[in-house]
Each structure stands twice: as C-alpha cells, then as structure tokens.
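Novice: Curious how this folds, go ahead:
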Amino acid sequence: MKPFRAANFAATIVLTSLTLAASCGRKQQQAAPAANAADTDTIVSIAYVPAIDALPFFVAAKRGLFESEGLAVNLARFASHLDIDTALIGGTVDGAFTDIIRVEQLKKKDSLALRVITSTEAQWTLVSNRAARLNRLQQFGDKMVAMTRFSATDYLTDRTFAGVKTAAPMFKVQINNVELRLNMLLNNEMDGLWLPEPYAARALIAGHKPLVSSEKYGLKLGVLALRQAFVNKPGGEATAAKLAKIYSMACDTINKYGLRAFDAELTEYCGADSAVIRRLPDIHFAHAKAPGDTLRAIARKYLEE
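Specialist: Now for the predicted structure:
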C-alpha cells in the first residue's frame, strides 16, 4: 500500500506499545436504556469513537427518535476504529460510524460485507505541534505524523504530502487511539497528526496549529455502515431504512438549532467541555445518502496501490 512503500517514504515507524495501549483502551457505553428493549421490535448495536460524525445518533438517543421508530439502539463507545473493526468482524456490534477506506479494507482483507447507510459529516484536521514550529508541509522532513493505517487519515496523509518536497523523509506513525494521539501532541511527543472534531478543537485551544482540513478535498470519507449479515436477517432491510430516516430527522434537528445547542450530547458522548464546544466549526448535517461509486472507486484504488 502506498504509505508503506520505500518509494514514497524512507521508513514507517510502528509504535507497538502505543498501538497495544490503544487496543487495550477500548470501552463501551450503552446509550439506549436496556429497559426500552422489551418495548421495541429490534435491538441494534452501533459502534462509534467520540467524534462529531456520530452526533445525529447521539441526538436521536437523547430525544427518543429510535424508540419512535420501534428500535432500541445501543451506542457502543470505542477508543479506536481498529477496535471497532474487530467488533464488526466478530459480530459483537451490528454497525459503526467509520470511513469508506476502512469499509473497503474490511471487505478486501477480511471478506466482511458492509451496507453503507449514509455518508457522514466526519472531518479531520492535520494539526502541527506548536513547539515544533511547523507552518508549512515542506517543513515535515524527518518529522512524524500520526494516523491510522488503512483509514481515511492514511489516505489524507498520502494525498496531502503527495508532491511535497521535504529536506528529509516524513515518517507516518500508526497511533490508533484518538485520545492517545491527542495526548501525544499535548505532551510534545508528536510533530503532527490528524484529528477529528472535537479533538481538533481541543488541540487548537492548546495553541497548536491547523495546517490542512479534509474539507479541502471535497470528499465525504466518513460513513455509517451496517454488517450485511445483519441487514440480511428478517426485518434487517426495514431496520436499515429506519436508521437512515432517524439519521435524517436528527440532522434536521441539529441544523435547526445549531451545533452548539447540543452541548449535553457533546459532553456526554464526546467529553467536550464548553470551551471546546464554542470552538467547534459550523457544520451542516446532510440527510442520509449513501456514497456513490466514485468514492468507493477512490478507496479501492488507494488500497490497491
């Protein structure tokens, strides 16, 4: 794969102990009250990391939108998308907020079929360490950028640094746990890294510098996907349709009142405080719509290179 070939980078640093820490740091949180399960037709478990892309389902959980459609949805919180991949493969969750690169990688490597319900408003920002004084991409020679292999951040790193001339190779470092990734920046242990919101806002409040936003490329890489095996069960197609409907309903609510009106959800599910919430960018949440063939083709081509 492109990021790990010597032709593009002289070396790739794999911090094994940190990766293991990310895997061991997984934790799950049940957002939908278990008592509601008996009063509904279907129970669905959806995995997420504490990021802004899952906000529509946070809102849906708090406002009873799942129950209104006869669903009980457990929102399972994980520390990294690598842990979510494991849960999807093992069938311990029915779906997840993830990205299109990971969806295609799971299909390619693990033969796991996923039904993509919708693209999401996931955004990532490449943030540089203020202590390193990195203001331009050309300054990243002999510097480290944290990302996750076979993911949107892997793709964004390659695309961002394609054609950038540095005095020495830039090193990609696999740090799967997003909270750990941020803490490495705050502790001056990393030169640059990709962060989703609200982690990026936390980094900017600490004085670190935003260099590139994923919005630059005009691609909605984030997705909400269900295991195809779950969709194939009796009532699975109907459940998928209901989840798409609920997602759109929640998006309308968010757009009506504005992102900052949902501080309770952002605090409960993402651990964001008031200062972080005030720093979040304005985001318009579009109705549920699955990504087209073009985006899938981009992901497949990237994984083949």
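Novice: Just the mean pLDDT for stretch 263-271, thanks.
Specialist: Taken as a whole, stretch 263-271 carries a mean pLDDT of 96.
Novice: which residues sit against that stretch?
Specialist: Outside stretch 263-271, the residues that touch it by C-beta atoms under 8 Å, 6 or more residues apart in numbering are 29, 31, 48, 50-52, 54-55, 58-59, 62, 75, 77, 198, 272-274, 276-277, 280. Heads up, the C-betas are built off the backbone N, CA and C, glycines and all.
Novice: Check which residues of that stretch are buried.
Specialist: Going by neighbour count (16 or more other C-beta atoms under 10 Å), the buried part of stretch 263-271 is Glu265, Leu266, Glu268, Tyr269, Cys270.
Novice: Look up how far Leu219 lies from Ala132.
Specialist: Ala132 sits 28 Å away from Leu219, going by C-beta to C-beta, to the nearest Å.
Novice: Could you do Leu185 as well?
Specialist: Look at Leu185 and Leu219: by C-beta to C-beta, they are 24 Å apart.
Novice: neighbour count winner among these two?
Specialist: Set side by side, Leu185 and Leu219 show more neighbours around Leu185, with 26 against 19, by other C-beta atoms under 10 Å.
Novice: does the more buried one belong to a helix or a strand, and which?
Specialist: helix 178-186 (DSSP states H and E).
Novice: For Thr42, give me the pLDDT.
Specialist: At Thr42, the pLDDT recorded in the model is 74.
Novice: Give the burial count for it, as a bare number.
Specialist: With other C-beta under 10 Å as criterion, Thr42 counts 21.
Novice: Look up which residues are beta-bridged to it.
Specialist: Leu71 (DSSP bridges).
Novice: Next, the contact list for it, please.
Specialist: The neighbourhood of Thr42, defined by C-beta under 8 Å, 6+ apart, consists of Gly70, Leu71, Ala72, Gly235, Thr239.
Novice: hmm, 10 Å instead?
Specialist: When contacts are counted by C-beta atoms under 10 Å, 6 or more residues apart in numbering, Thr42 touches 66, 69-73, 94, 230, 233-236, 238-239, 242-243.
Novice: Spatially, which two of those are the most separated?
Specialist: Phe66 and Pro234 (19.2 Å; C-beta to C-beta).
Novice: State the next helix or strand along the chain beyond the helix holding Leu185.
Specialist: Counting by DSSP H and E, what follows helix 178-186 is strand 192-196.
Novice: Export the helix or strand that that following strand is followed by to PDB, keeping only CA atoms.
Specialist: Per DSSP H and E, the first helix or strand lying C-terminal to strand 192-196 is helix 199-205. Provided in PDB are the C-alpha atoms of helix 199-205 (Å, rounded to 0.1, in the frame of the first residue of the first chain):
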ATOM      1  CA  TYR A 199     -10.300  16.500  19.300                       C
ATOM      2  CA  ALA A 200      -9.100  19.100  16.800                       C
ATOM      3  CA  ALA A 201     -10.800  21.900  18.700                       C
ATOM      4  CA  ARG A 202      -9.000  20.700  21.900                       C
ATOM      5  CA  ALA A 203      -5.700  20.900  20.100                       C
ATOM      6  CA  LEU A 204      -6.300  24.400  18.800                       C
ATOM      7  CA  ILE A 205      -7.300  25.700  22.200                       C
END
